[in-house]
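Asker: Build the 3D model from these lines:
(2 chains)
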Amino acid sequence: MSDANFASLKERFAYLTERDSADHLAVNCPAEHLLECCTALRDDFGYDLLVDVTAIDWAAETSPRFTGIYHILSTTHHAYIRIASDCVDDAAPSLPSLAGIFPAANWHERETYDMMGIRYEGHPDLKRILMWEDYPYHPLRKEFPLAGIEVPFPAADVAETANAKVLPAPMMGGPFVSSADGTMREIEPQAKDESWTEKEENR
Amino acid sequence: MKSENTTLGYNSKVEGEVVVTQADAVINWIRKHSVWPMPMGLACCAIELMAVGASRFDISRFGMEVMRFSPRQADCMIVSGTVTYKMAEVVRRIYEQMAEPKWVVAMGACASTGGMYRSYATLQGVDRIVPVDVYVSGCPPRPEALLDAMIKLQDKIGRERSVKNLTAPKAAAAAAALAEKEA
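Answerer: You can find the predicted model right below:
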């Protein structure tokens, strides 16, 4: 199949719905059919390279709250497809793992689990990849503040000897913007509010 | 030594000339010209650190070319790069494995303050977990800046009270043992 369009996919996968897209072909796929759909896309439609796995948090009061996003490239037809799959459960979101059919999904899914808290069922080793194992939050969720939240330091013995904590790091007047014209000193990116510089940072 | 005091028992013809100095000066002189850095390369600053070690900038001109990747054989940790909280634990453990006396150089904006990574994942300055002797500004610093910092560190080593530092822990331990015995 040279260029898959939505009609040809719909013929094969009755459960797909078309998704608004500014660029590539994009479809919505129910979570229970995701594995079967991606396997068929890989084997029969030439979508053989998983490029990205990520997720969207639509905010706490929305349902469905989390949507998993997959970008798959066909290296023979040079075309992308974007698959979106809503998580059924808003409180404990989960999706089937694609690590069995695309090995590239392994670390991508670990990252999405780390940042968004979506469990990928059937993943061979689903543990955090960026934050440490005991970290209690998922930082890219909407309710997580940009600065972070105070939590204990990763290792208890190090925390005791070094007297260290994981502290929030507010942007302190940022974002840092550059004014359009002026001297070099003036166009250097700087915070609009620099009052924080006069206070000693709370440690 | 030319002296009228014959009781000294020193024969300068056999044993050569004598330089009189202080223990601190000798110890510091030895230490500062043989710093063994531990390259704690965590991000792009490490590339500049490698440049410092290479022939163009050549850190061996200052007697510091013996970079050791084992903390047990190093006495100056150069933290070059972003320290995440996940890595902070490792940095502290490696620091603790280094033998005394030991020094720390925070190389670049990230190691000094967290730099542009003002986020939930990044330690906001390595001085929150280890004592830092010299901070180097820059993102990343030029190799010359690191060399300047290392020369500053040499000056700092030269001003240390080495003998006192050597005996102070022993004296403190003895005092603690005595207090425990009495109690």
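Asker: Wondering if stretch B:83-95 reaches chain A at all.
Answerer: Yes: interface with chain A: stretch B:83-95 contributes B:T84, B:Y85, B:K86, B:A88, B:E89, B:R92, B:R93 (CB under 8 Å from any CB of the partner chain). (C-beta placed from N, C-alpha, C; glycine too.)
Asker: burial of the closest residue in space to the fourth one that isn't next to it in sequence, as a residue count?
Answerer: The reference is to B:A88. In space, and not counting its chain neighbours, B:A88 is closest to B:L123: 4.6 Å by CB to CB, 6 or more residues apart in numbering or on different chains. The number of residues packed near B:L123 is 27, by other CB atoms under 10 Å in any protein chain shown.
Asker: Go ahead and confirm B:L123 touches B:Y85.
Answerer: Yes: B:L123 is in contact with B:Y85 according to CB atoms under 8 Å; the separation is 5.6 Å.
Asker: before we move on, back to that, could you dump the residues of stretch B:83-95 next to chain A into TSV with pLDDT and secondary structure added?
Answerer: Formatted as TSV, these follow (pLDDT from 0 to 100; DSSP: H, G, I helix; E, B strand; the rest coil):
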residue	pLDDT	secondary structure
B:T84	92	strand
B:Y85	92	helix
B:K86	91	helix
B:A88	91	helix
B:E89	91	helix
B:R92	93	helix
B:R93	93	helix
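Asker: which residues sit in contact with residue 66?
Answerer: Chain wasn't specified; assuming chain A. A:F66 is in contact with A:A55, A:I56, A:D57, A:W58, A:D86, A:C87, A:D90, A:P93, A:M116, A:I118, counting by CB atoms under 8 Å, 6 or more residues apart in numbering or on different chains.
Asker: I was after chain B.
Answerer: B:W36, B:P37.
Asker: Surely it is in a strand?
Answerer: No: read with DSSP: H, G, I helix; E, B strand; the rest coil, B:V66 is coil and lies in no strand.
Asker: Need the phi and psi values for it.
Answerer: Backbone geometry at B:V66, expressed as degrees, to the nearest 10, gives phi -90, psi 80.
Asker: per-residue confidence for it?
Answerer: On the pLDDT scale, B:V66 is placed at 89.
Asker: And the residue nearest to B:A88, its phi and psi?
Answerer: phi -70, psi 130.
Asker: just to revisit the earlier point, quick one: buried ones out of the residues of stretch B:83-95 next to chain A?
Answerer: Using 16 or more other CB atoms under 10 Å in any protein chain shown as the burial test, those include B:T84, B:Y85, B:K86, B:A88, B:E89, B:R92 as buried.
Asker: Kindly state the pLDDT recorded for the nearest residue to the fifth one once chain neighbours are set aside?
Answerer: Spatial nearest neighbour of B:E89, chain neighbours left out: A:A155 (4.3 Å); criterion: CB to CB, 6+ apart. Among the per-residue scores, A:A155 shows a pLDDT of 85.
Asker: And for A:S2?
Answerer: 42.
Asker: Right, and chain A sits closest to which residue of chain B?
Answerer: Going by CB to the nearest CB, chain A is nearest to B:Y120 of chain B, at 2.9 Å.
Asker: mind checking the SS state of that residue?
Answerer: coil.
Asker: Neighbours of it, how many?
Answerer: B:Y120, neighbours per other CB under 10 Å, totals 21.
Asker: was I right about the residue nearest to B:E89 contacting B:V91?
Answerer: No: the pair A:A155 and B:V91 does not pass the contact test of CB under 8 Å, sitting 11.2 Å apart.
Asker: Of these two, give the one with the bigger neighbour count.
Answerer: Applying other CB under 10 Å to A:A155 and B:V91 shows that B:V91 carries more neighbours, namely 23 against 18.
Asker: surely that one meets B:V83?
Answerer: Yes: between B:V91 and B:V83 there is a contact under CB under 8 Å: 5.8 Å.
Asker: what does stretch A:131-150 contact?
Answerer: By CB under 8 Å, 6+ apart, stretch A:131-150 touches A:57-60, A:114-117, A:127-128, A:151, A:154, A:165-171, B:85-86, B:89, B:119-121.
Asker: now stretch A:17-24
Answerer: Outside stretch A:17-24, the residues that touch it by CB under 8 Å, 6+ apart are A:F6, A:A26, A:V27, A:N28, A:A79, A:Y80, A:I81, A:R82, A:A84.
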